[in-house]
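Novice: Just to be clear, the model below is a prediction. Sequence and coordinates:
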Amino acid sequence: SQTIHQWPATLVQPVGSPLSLECTVEGTSNPNLYWYRQAAGRGLQLLFYSVGIGQISSEVPQNLSASRPQDRQFILSSKKLLLSDSGFYLCAWSWGVGDTQYFGPGTRLTVL
Amino acid sequence: GQQVMQIPQYQHVQEGEDFTTYCNSSTTLSNIQWYKQRPGGHPVFLIQLVKSGEVKKQKRLTFQFGEAKKNSSLHITATQTTDVGTYFCAGRNRDDKIIFGKGTRLHILP
């Protein structure tokens, strides 16, 4: 069976500090991978998606970036965090584009 | 761009009452998916509807896909406290992109 991991589970960072969130998927190969952000009590905002190693599509311009160094690893980064970067970051995978998405447990980021 | 609108944004119901959330797309969808996110948790896939007019049931939950494949609904009969959470619809468009609605947050009054 497939599992998806995210870490850390929670993170408190000062404004201007760097960020690195990691997501890994087990039990499948060449998954589509997604990063979403969810503000408190709000909907899901798609940030990035990837259909393969080194292939990243950005949905929203911002100070975040994503990388996929390995088939089942997806990383979300920032060089300098803003207060507005606070939120719940969710990684998800799917078999193919447009298929059912399976979400990881998420990372709660608070930027102070 | 294409949007998937979901209403209502919030719903408070007495335990035992029914609940319905509606999803509407500006364009025809290939399929529609429904997810549930418990408070503090992550979205979990519930079901996918593909055919025009399709109706699927999961215990007290009934899912419908409209004849024109532009709208969908989720109906919960006799809500229970375990139904608390946010329900998201997500439509697959012609470009095979999944577009999430903003969700309906369900609160159950005991």
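Specialist: Yes, it's here.
Novice: ok so B:Ser72 is a strand residue?
Specialist: Yes: assignment of B:Ser72 by DSSP: H, G, I helix; E, B strand; the rest coil places it within a strand.
Novice: any idea how far B:Ser26 is from it?
Specialist: Counting by C-beta to C-beta, to the nearest Å, the gap from B:Ser72 to B:Ser26 is 14 Å. For the C-beta atoms, the positions are set from N, CA and C on the backbone; glycine is no exception.
Novice: ok, the two, which is more surrounded?
Specialist: Shown here are B:Ser72 and B:Ser26; by other C-beta atoms under 10 Å in any protein chain shown, B:Ser72 has more neighbours (27 against 13).
Novice: Just to check, that one is in contact with B:Phe88?
Specialist: No: taking contacts as C-beta atoms under 8 Å, B:Ser72 lies outside contact range of B:Phe88: 11.4 Å.
Novice: Give the intersection of the neighbour lists for these two.
Specialist: B:Trp34 (C-beta atoms under 8 Å, 6 or more residues apart in numbering or on different chains).
Novice: Now for residue 29, how many residues are close by?
Specialist: Just going to use chain A. A:Ser29: 7 neighbours (other C-beta under 10 Å).
Novice: that's the other chain; I wanted chain B
Specialist: Neighbours of B:Leu29 using other C-beta under 10 Å come to 27.
Novice: Pretty sure it sits in a strand.
Specialist: No: read with three-state DSSP, B:Leu29 is coil and lies in no strand.
Novice: That one against B:Gly91, yeah?
Specialist: Yes: with contact defined as C-beta under 8 Å, B:Leu29 and B:Gly91 form a contacting pair (4.1 Å).
Novice: Name whatever forms a beta bridge with the residue most central in space within chain A.
Specialist: When C-alpha atoms, centre = their mean is applied to chain A, the residue found nearest the centroid is A:Trp35 (3.2 Å). A:Trp35 has these beta-bridge partners by DSSP bridges: A:Phe48, A:Cys91.
Novice: Quick check, it in contact with A:Leu76.
Specialist: Yes: checked against C-beta under 8 Å, the pair A:Trp35 and A:Leu76 is within contact range at 5.1 Å.
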